[in-house]
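Novice: Show me how the following folds:
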Amino acid sequence: MADVLALVEARLRSGLGEPDARAAVTFLGTDRIEVLRFTGRAAGELGERSGPVVRYATLGMSAQPMADPTAVLADPVKGPRAELVLSVRAGLVDTDKVLRPLAVLAASPQVEGLVVAPGASLDVGEPLWPGAPFTSVLVAEPGGLVEDLDLDEPMDPVRFLPLLPMTPNEAAWKRVHGAGALQERWLGSGTDLRDPLRTSVALD
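Specialist: Just a heads-up that it's a prediction; the model follows:
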């Protein structure tokens with residue numbers, strides 16, 4: 001497990017730079033989950049709106065493969081592995097309070113038997129940070145910020161899954177219309193998904 005997490009942290013550093021802060025959370029009956037913070041500039045990502053971005057990445061979720069909740073016995077080696085990455089614009093609000101909610105989401109495969117995959121919704125039941133208009137996130141496709149990390153067979157690769165904060169209205173709309181439709185709305189409206197103060201996209 002330690003070797004896997006060392007490789008995961010090295011991949012995070014190669015993709016996001018050196019972390020400037022880290023916090024650890026341990027939940028009863030689960031392995032320790034760390035959240036690393038990376039700060040820097042998102043050069044050219046959104047043209048004139050490009051600016052300082054802070055990224056939070058979990059470390060520990062991939063120590064064990066996620067097990068199918070319907071399986072009688074969980075395979076200790078095979079199965080999908082992932083870590084979570086959240087990107088928000090820095091300096092607008094105190095987003096550092098997102099550390100514990102992120103750790104809660106990263107522990108959910110162990111606690112609730114969830115298999116976290118692109119297109120899924122994850123709800124923490126409270127604002128992601130004080131005053132946040134978001135209580136849930138959409139799990140997006142990996143491969144943009146941090147490349148998948150291949151592990152020795154028969155272990156599955158570690159995927160670094162971006163999280164996109166959703167307002168309650170967006171989360172409800174996504175449940176009806178699907179993740180792809182919501183992402184199309186965001187894209188069509190030019191929504192800055194890293195804006196910690198943004199309002200819900202227009203939904204018919």
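Novice: Can you list the low-confidence ranges for this protein?
Specialist: Screening the chain residue by residue with the criterion pLDDT under 70, one finds the ranges 1-2, 40-51, 69-74.
Novice: Let me see the ranges of the strands in it.
Specialist: 21-25, 33-41, 52-59, 81-89, 121-123, 136-139, 158-166 (DSSP state E).
Novice: now the ones you listed in a markdown table, with mean neighbour count and distance to Thr191?
Specialist: From N, CA and C alone the C-beta is placed, and that goes for glycine too. Output for the strands of the chain, formatted as a markdown table (neighbours: other CB atoms under 10 Å; distance: least, CB to CB, whole Å):
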| stretch | mean neighbour count | distance to Thr191 |
| --- | --- | --- |
| strand 21-25 | 14 | 28 |
| strand 33-41 | 19 | 21 |
| strand 52-59 | 23 | 16 |
| strand 81-89 | 24 | 13 |
| strand 121-123 | 17 | 17 |
| strand 136-139 | 22 | 12 |
| strand 158-166 | 24 | 10 |
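Novice: Columns distance to Leu99 on top of those strands, output as a markdown table?
Specialist: Output for the strands of the chain, formatted as a markdown table (distance: least, CB to CB, whole Å):
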| stretch | distance to Leu99 |
| --- | --- |
| strand 21-25 | 5 |
| strand 33-41 | 5 |
| strand 52-59 | 7 |
| strand 81-89 | 10 |
| strand 121-123 | 15 |
| strand 136-139 | 14 |
| strand 158-166 | 13 |
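Novice: Show me the one of these that comes nearest Pro65.
Specialist: Distance to Pro65, taken as CB to CB, is lowest for strand 81-89 among these, at 5.5 Å.
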